[in-house]
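S.K.: Sequence and predicted structure, then a few things I'm wondering about:
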Amino acid sequence: MIYFPTLLFSIQAYSATTAFIAGTLIVATVLFIIFTSSKGSDDKLAEKHKVYHVRDRYFLILTLAIIVGLIISLRFLPYEQYQGKPAEEVTVVAMQWAWKMAPGISNATPEAFTGESEITLPANKLIRFVVTSQDVNHGFGIYSPEGLLIAQTQAMPQYKNELEHKFTEPGDYHILCMEYCGMPHAYMIGTIHVK
Amino acid sequence: MTELSPAEKKKERKLIVIWSVTFLVLFPFLVVLGYMMRLNQAERIHLGMDTFYTLLTLHGLGMAGILFSISFAALWYLIATRYARLKTGIGYFVYALIVIGFSLLAFATLVGKFGAGWYVLYPLPFKGTFWAPWATGLACASLLTMGVAWLVGIIHVVSNLAREYGGFTNLLGWQYFKKGGVKRELPPVVMITTISTVPGVIAFLTGAVMLVMYVLQIFEPTLNYDPLLMKNMVMFFGHTLVNITLYCCTGWVYCLLPEFTGRPWKSDKIVVLSWNATFIFILFAYFHHLYMDFAQPVALQYAGQFISYLSAVPATAVTLFGLLAQLYHSKIKWSAVPLSFLAGGAGWAIGGFAAVVDSTIAVNTVLHNTTWVPAHFHTYMLMGVVFFIFGFIFYISHTKEELDKDILGRVGLWIFAISGHSFIATFYRGGLRSIPRRYSDYSGIPIEHVHQTGMFLAFMAVIFITIIFVALVIIYTALFKKFAKRRHALVMEPAAA
Ligand code: HEM
Ligand SMILES: [Cu+2]
């Protein structure tokens, strides 16, 4: 069976793709110029100066790009974005090799905490996941029904990572483990039913 | 430095030839492991999950280990023959320890089934493992052995350079900012060696402390360390190691490329400033590995993105532009050496840029631990570092005339570039399609087309890796013909000597 991948990206992945293709094209153009510039010049210093002249401009553009890049991108951080009180809080404990999830904040130790690998949550409400692990590091990655990674945080023993997310579309979302945690790491699956 | 006698030169050449051949033997073996992993992910073979992670671990640690070792050995050779006297005995000692370390690692993984992945994230080796504690111990011992080898080698090189150049700060180029002018020019390769290896010392010591903590826990299982602290330590160690491997490579590019272009490439205030900035960036860029640890102080997350972005400035505006200034209209003959250096520069630029993209916190939320990560560092290492190393090995094995006549090597390098980038493209594409990294196979993913995409891309990779093998055969034929030609004397006249 031949599978044709569709063009299905998230906004971040679109930005990454665009930036990456642009960067690669610049590198390719520069390589092309270097290769086709094989005709030598006897005035070697003049050639060097030409390059260094371009460099001064590049330096300015790069500085500008870094400043703009930082200003724009640092406005979208996954940390402490408390956009008001979450409608629902979910405790998540990762273990080798399953997810335990239950509504509410649990005071039980991660080992004693009981939860299911499936949970049902409301759409268009702010959810706060409080994520930890009872053994090794895992990664709590939320995949949309279309199969896009839309949010993640590490599940680290002894630490609680709080991830906030609003599911805009109903459907079956999946949890995949994003941090290598032992043999069946690739089979550590959870499900979120968004209604 | 006083000229080396022919006998001394021969000794140094012998050492670098031994290093090069060792590298050329181990490298394709580790590539085969990558090939098997991709075959397994394509569901063409069935390795078993334990075998997959064992191979992954040996592949990652082995590659990082031998690439840094050969890079350091190349700098050693250039320094010993041109800039400061080094003790060949210590060179062999380093070599022996690396070989022992690598063998122990191979034993711990292939026989002991140690499979914690290349960054051995705490407390993974102690919980729910499919290997015995002795394998963890042996793996730690093997890494400690390599760490000791590097520490000994680096300290020997840097202290002898400091003696030769009148003090450590002179190695950093600070005399370029003193009044009274520069008494003795600082060759860029000397400065770069210092600036890439000294952060290495700090990183290896951190790594050593961490490994000793691991070993203690093997004997005292009730010990319990802070996992966030351990993650910071291991990322600092691992990130620095691979980062400085590439910076080491730029050292010999600064040193050797002028022999082909006929243009000098010297230290000046800008070069010194940029490399001193790089020194700082090397030490703090690793924070970008912990973005998804929301418990890490937010200030460090900001610092991670800020420093990662900034590190693009000296790398591109100074070193890569310097490379272009060397080559632009230089009448150069595109023999294997400058070709490798230019290709390596391109791999560095692309891989580095992909890293900057992923070091954007907002983007990292969807790319962290997808195959975008192996994509960027394979570009950086395979299409950057390995190219620079091939260039160096062509340089020590061929005379200038041979390089000009050589066709095989050039053809091999072109095929290597095209197939290598294509292989890595499967990782980039996978990352953008949310394919997680380090999955033994994708059949457990409940979203069917994610499973299919992962499998499909892995199969594409298998095809490209097959072509990589063809490229390697061609490149190796070119190299080993020359090694064999000089087998008896073991003397490799450097191209421009
Ligand atoms: C043609 C050459 C190579 C091939 C075919 C190859 C293949 C692979 C594959 C399939 C993986 C697993 C990716 C995954 O997570 O699903 C991998 C991981 C890795 N590779 Fe390579 N690789 C090659 C060259 C290199 C080089 C030159 C380095 C140098 C440092 C390197 C270092 C690593 C590391 C550090 C990992 C991650 C290991 C881990 O996650 O624990 N590889 N490689
Ligand atoms: Cu897991």
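M.R.: That came in fine, so what should we check first? Ligands and ions are numbered 1, 2, ... in the order given.
S.K.: Hmm, B:Ile155 is touching B:Val201, no?
M.R.: Yes. The pair B:Ile155 / B:Val201 is scored as a contact, 7.2 Å apart, by CB atoms under 8 Å. Every residue, glycine included, has its C-beta placed from N, CA and C.
S.K.: May I have the phi/psi pair for A:Pro145?
M.R.: phi -60, psi -30 (degrees, to the nearest 10).
S.K.: I figured it was touching A:Glu169, is that so?
M.R.: Yes. Using CB under 8 Å as the test, A:Pro145 is close enough to A:Glu169 to be in contact (7.4 Å).
S.K.: Now do the SS call for the residue in chain A positioned nearest to ligand 1.
M.R.: Ligand 1 sits closest to A:Tyr180 of chain A, with a gap of 6.8 Å, by CB to the nearest ligand atom. Here A:Tyr180 is recorded as coil under DSSP: H, G, I helix; E, B strand; the rest coil.
S.K.: Ok, A:Met101 next?
M.R.: Following three-state DSSP, the label given to A:Met101 is strand.
S.K.: which helix is the longest one in chain B?
M.R.: helix B:448-485 (DSSP state H).
S.K.: So is it next to chain A?
M.R.: Yes. Counting by CB under 8 Å from any CB of the partner chain, chain A is contacted by helix B:448-485 at B:His449, B:Val450, B:Gln452, B:Thr453, B:Met455, B:Phe456.
S.K.: Repeat that for stretch B:376-391.
M.R.: No. Contact of stretch B:376-391 with chain A (CB under 8 Å from any CB) is absent, the minimum separation being 9.5 Å.
S.K.: gap between that stretch and the chain center?
M.R.: Its chain's C-alpha centre and that of stretch B:376-391 lie 8 Å apart, by CA atoms, centre = their mean, to the nearest Å.
S.K.: how about the residue in the stretch 251-400 of chain B positioned nearest to ligand 2, phi and psi?
M.R.: For the stretch 251-400 of chain B and ligand 2, the shortest gap (CB to the ion) falls at B:Asn369, measuring 11.0 Å. Backbone torsions of B:Asn369, given as degrees, to the nearest 10, read phi 60, psi 20.
S.K.: Please list all residues in contact with the spatially closest residue to it that is not a sequence neighbour.
M.R.: The shortest distance from B:Asn369 to any non-neighbouring residue, by CB to CB, 6 or more residues apart in numbering or on different chains, is to A:Met178 (4.4 Å). Listed by CB atoms under 8 Å, 6 or more residues apart in numbering or on different chains, the contact partners of A:Met178 are A:His138, A:Gly139, A:Phe140, A:Gly141, A:Leu149, A:Gln152, A:Gln154, B:Met292, B:His368, B:Asn369, B:Pro436.
S.K.: Put together a markdown table for these, with secondary structure on each row.
M.R.: What follows is those, written out as a markdown table (three-state DSSP):
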| residue | secondary structure |
| --- | --- |
| A:His138 | strand |
| A:Gly139 | strand |
| A:Phe140 | strand |
| A:Gly141 | strand |
| A:Leu149 | strand |
| A:Gln152 | strand |
| A:Gln154 | strand |
| B:Met292 | coil |
| B:His368 | coil |
| B:Asn369 | coil |
| B:Pro436 | strand |
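S.K.: What is the most widely separated pair among these?
M.R.: A:His138 and A:Leu149 (14.8 Å; CB to CB).
S.K.: who's more crowded, these two?
M.R.: The neighbour comparison of A:His138 against A:Leu149 (other CB atoms under 10 Å in any protein chain shown) goes to A:His138, with 31 against 26.
S.K.: any idea which element residue 25 lies in?
M.R.: In the absence of a named chain, this looks at chain A. helix A:11-36 (DSSP states H and E).
S.K.: that's the other chain; I wanted chain B
M.R.: Judged by DSSP H and E, B:Val25 forms part of helix B:6-41.
S.K.: helices or strands next to the longest helix seen in chain A in the packing?
M.R.: The helix that spans the most residues within chain A, counting by DSSP H, is helix A:44-73. Counting contacts by 3 or more CB pairs under 8 Å, 6 or more residues apart in numbering or on different chains; DSSP states H and E, helix A:44-73 is packed against helix B:298-310, helix B:321-327, helix B:361-367.
S.K.: Would you format the ones you listed as TSV with distance to B:Pro133, mean neighbour count and mean pLDDT included?
M.R.: TSV is the format used below for these (distance: least, CB to CB, whole Å; neighbours: other CB atoms under 10 Å in any protein chain shown; pLDDT from 0 to 100):
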stretch	distance to B:Pro133	mean neighbour count	mean pLDDT
helix B:298-310	33	18	90
helix B:321-327	48	23	87
helix B:361-367	34	24	91
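S.K.: In JSON lines, list the ones you listed along with distance to ligand 2.
M.R.: Below are those laid out as JSON lines (distance: least, CB to the ion, whole Å):
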{"stretch": "helix B:298-310", "distance to ligand 2": "23"}
{"stretch": "helix B:321-327", "distance to ligand 2": "43"}
{"stretch": "helix B:361-367", "distance to ligand 2": "18"}
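S.K.: Could you give me the buried positions within the helix holding B:Val25?
M.R.: B:9, B:11-20, B:22-24, B:26-27, B:30-31, B:33-41 (16 or more other CB atoms under 10 Å in any protein chain shown).
S.K.: quick one: contacts for residue 134?
M.R.: No chain specified, so I'll use chain A. By CB under 8 Å, 6+ apart, the contact set of A:Gln134 is A:Val93, A:Ala94, A:Met95, A:Thr109, A:Pro110, A:Glu111, A:Phe113, A:Pro157.
S.K.: looking at chain B here, not the other one
M.R.: The contact partners of B:Trp134, by CB under 8 Å, 6+ apart, come to B:Gly112.
S.K.: Just confirm it is within a helix.
M.R.: Yes. Under three-state DSSP, B:Trp134 sits within a helix.
S.K.: now the angle between helix A:11-36 and the lowest-mean-pLDDT helix or strand in chain A, please.
M.R.: For chain A, counting by mean pLDDT, DSSP states H and E, helix A:44-73 ranks last in confidence among helices and strands (a mean of 84). Counting by axes from the mean of the first three to the mean of the last three CA atoms, to 10 degrees, helix A:44-73 lies at 180 degrees to helix A:11-36.
S.K.: tell me what the next helix or strand after helix A:44-73 is packed against?
M.R.: Next along the chain after helix A:44-73, taking DSSP H and E as the criterion, comes strand A:88-95. Strand A:88-95 sits against strand A:98-103, strand A:118-121, strand A:126-133, strand A:138-143, strand A:149-155, with contacts defined as 3+ CB pairs under 8 Å, 6+ apart.
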